[in-house]
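J.: dropping the sequence and predicted coords here.
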Amino acid sequence: MSLPPLVEPADELTVDEVRRYSRHLIIPDVGMDGQKRLKNAKVLCVGAGGLGSPALMYLAAAGVGTLGIVEFDEVDESNLQRQIIHSQADIGRSKAQSAKDSVLGINPYVNVVLHEERLEAENVMDIFGQYDLIVDGTDNFATRYLVNDACVLLNKPYVWGSIYRFDGQASVFWSEHGPCYRCLYPEPPPPGMVPSCAEGGVLGVLCASIGSIQVTEAIKVLAGVGDPLVGRLMIYDALEMQYRQVKVRKDPDCAVCGENPTVTELIDYEAFCGVVSEEAQEAAAGSTITPKQLKEWIDDGENIEIIDVREVNEYEIVSIPGAKLIPKNEFLMGTALATLPQDKKIVLHCKTGVRSAEVLAVLKSAGFADAVHVGGGVIGWVHQIEPGKPVY
C-alpha cells in the first residue's frame, strides 16, 4: 500500500548535512526531498532497550531531525548483551541519558528530547501529541495496548516490533489506512501464558534484525516511499533464517478502531492485561513468604519441599539450595501434582514471583491448602541471602 509522505520537507539541508547524508541523496526514491522530510520529522521511541537501541541509533544516523525517548529505567549489566546503545561505563546510569549521549555521538544534528518517566494513561496523550510517528520497542502487553489505543485516538501511525528467543515480528499500525494492534490481537494472552524476554530470553542480535526493520518502515512512512507494512505482519525465524508475511485486515468489530468502537478513551491497561491473574492474586494473598522467612525455615529444619518452577536453563544459572526443579508448564498440564509430597509444606518460587503465584493457584485448587510461594523469587533470595550469586 503506497502512502503519501507523513511530514513536509524542511526548508533546506546545510552543506554539512549534504555531505553526511550523501548516500541517501543519490537514491532516487529518497533524494533531497526525502532527506528534508526526515530532517523535519519528529519520531518518538518508546523504550531504549533491546529494540529501542538499534532503532534510535539508525534513526539518528538516517537524519531524523527530532528524536524523543521515553525511558525511566537504569542500565543493568544484563542489558548489555543486546541493548547496544549502552556501554559498560553506563551501568547504573539513566537509560534515557545514556541513549541521548550515544545518539548525539552518532549525529550531533539531531534534537534529542527525553521523557524520563513511565508511559501511562495519564501522560501518553501529551507525549505522543508532540510527535509525527511512534516506534514501539516495549516488551509488555499493558504498554503495547496503551501505545496502540493512544495512537488510534490521536490518529498517529506507529511501527511495532516484538522479539522472543529466536523469533521476531514487526508491522506498521495506522488506523486511518489499515488495522491497529487490536485488530491483530483483540485480547491479551492470559497472565503468565507468554513469558517475557526476562523469563524466556532473547538472542541479542535479533534486536538488530527487528529494530532495523522498524527503522526502515519509519523512514518509508515519513518520506512516503515504498510499500510500508500497513496491513501486513512480518514474521522472522532466526533459527531457520526465514521471513514470512501474514496479511492483517482491519476488524470492523475492533474495540478501538472498528465501526462502533467501545474503547473511546484510555483504560486501565494493567487491569486489562492482568499482569497476574485474579486466581493467582487470591492464592498469593496470605500465602506469600519472604526470602528471609524461607532461610529461617531452612535453618530451623522445617518440614518443607522447595519447588523451583522456572525452566532448566534458568535453574542452571542460579538456584536456591535444596530446591527441586519442576517447570511451571508441568503444573499447568497437571502432570506434576502426583509427584508432590503430601506430608510436607510446599514452597514455590520462580525468578520474581509471578510464575510461582500462578502455580500456587493450581496447587490451592488441587487441595494443597498450606502451600506458599516466595515473593521476589530467586532474585530476591540472591539480593537478601546470597549476594555473591549471579543474577540474570
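T.: Looks like it came in fine. All values reported here derive from a predicted model rather than from experimental measurement. Numbers count the residues shown, from 1 in each chain.
J.: would you list every one of the strands in the stretch 51-200 of the chain?
T.: With DSSP state E, counting those that start in this stretch as the criterion, the stretch 51-200 of the chain has strands at 66-70, 111-115, 133-136, 158-164, 167-173.
J.: just so I know, which of those lies nearest S365?
T.: strand 158-164 (28.9 Å; CB to CB). Where C-beta positions appear, they are placed from N, C-alpha and C, glycine not excepted.
J.: just checking, I317 touches K389?
T.: No: the pair I317 / K389 is not scored as a contact, 9.1 Å apart, by CB atoms under 8 Å.
J.: span of stretch 194-212 from start to end?
T.: 24 Å (CA to CA, to the nearest Å).
J.: quick one: residues in contact with it.
T.: 50-55, 58, 81-84, 137, 139-141, 161-170, 236, 238, 310-311, 313-314, 351, 355 (CB atoms under 8 Å, 6 or more residues apart in numbering).
J.: how many neighbours does G380 have?
T.: 19 (other CB atoms under 10 Å).
J.: mind telling me what element M234 is part of?
T.: strand 232-237 (DSSP states H and E).
J.: give me the angle between the helix or strand following that strand and strand 167-173.
T.: Later in the chain than strand 232-237, the nearest helix or strand by DSSP H and E is strand 242-247. Angle, strand 242-247 to strand 167-173, by axes from the mean of the first three to the mean of the last three CA atoms, to 10 degrees: 40 degrees.
J.: check contacts around L154.
T.: 125, 128-129.
J.: now do M193, the pLDDT please.
T.: M193 is assigned a predicted lDDT (pLDDT) of 61.
J.: drop anything exposed from the contacts of stretch 194-212.
T.: Neighbour-count burial (16 or more other CB atoms under 10 Å) applied to these gives 50-55, 58, 82-84, 137, 139-141, 161-164, 167-170, 236, 238, 310-311, 314, 351, 355.
J.: residue ranges with poor pLDDT in the stretch 51-200 of the chain?
T.: The stretch 51-200 of the chain contains residues with pLDDT under 70 at 190-193, 195.
J.: what do you get if the cut-off is 80, keeping everything else the same?
T.: The model of the stretch 51-200 of the chain has pLDDT under 80 over residues 189-200.
J.: all helices for it, in order.
T.: For the stretch 51-200 of the chain, the helices defined by DSSP state H, counting those that start in this stretch occupy 52-62, 95-106, 124-128, 141-154, 181-184, 197-200.
J.: could you export these as a markdown table, including distance to N329?
T.: Compiled in a markdown table, the helices of the stretch 51-200 of the chain are given as follows (distance: least, CB to CB, whole Å):
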| stretch | distance to N329 |
| --- | --- |
| helix 52-62 | 31 |
| helix 95-106 | 32 |
| helix 124-128 | 35 |
| helix 141-154 | 20 |
| helix 181-184 | 25 |
| helix 197-200 | 12 |
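J.: most packed of those?
T.: For the helices of the stretch 51-200 of the chain, the largest average neighbour count (mean count of other CB atoms under 10 Å) is found in helix 52-62, namely a mean of 25.
J.: surely D11 is in a helix?
T.: No: counting by DSSP: H, G, I helix; E, B strand; the rest coil, D11 is not found in a helix; it is coil.
J.: how about it, nearest residue that isn't a chain neighbour?
T.: Leaving aside its chain neighbours, D11 sits nearest to K36 (7.7 Å; criterion: CB to CB, 6 or more residues apart in numbering).
J.: with R93 instead?
T.: That would be V75: by CB to CB, 6+ apart, it lies 5.3 Å from R93.
J.: contacts for stretch 252-270 next, please.
T.: 121, 124-125, 142-143, 145-146, 148-150, 152-153, 175, 179-180, 182-183, 186, 250-251.
J.: tell me which residues of it come out buried.
T.: For stretch 252-270, the neighbour count (16+ other CB under 10 Å) marks 254-258, 261, 263, 266, 269-270 as buried.
J.: next, the distance between the ends of that stretch.
T.: Termini of stretch 252-270 sit 25 Å apart (CA to CA).
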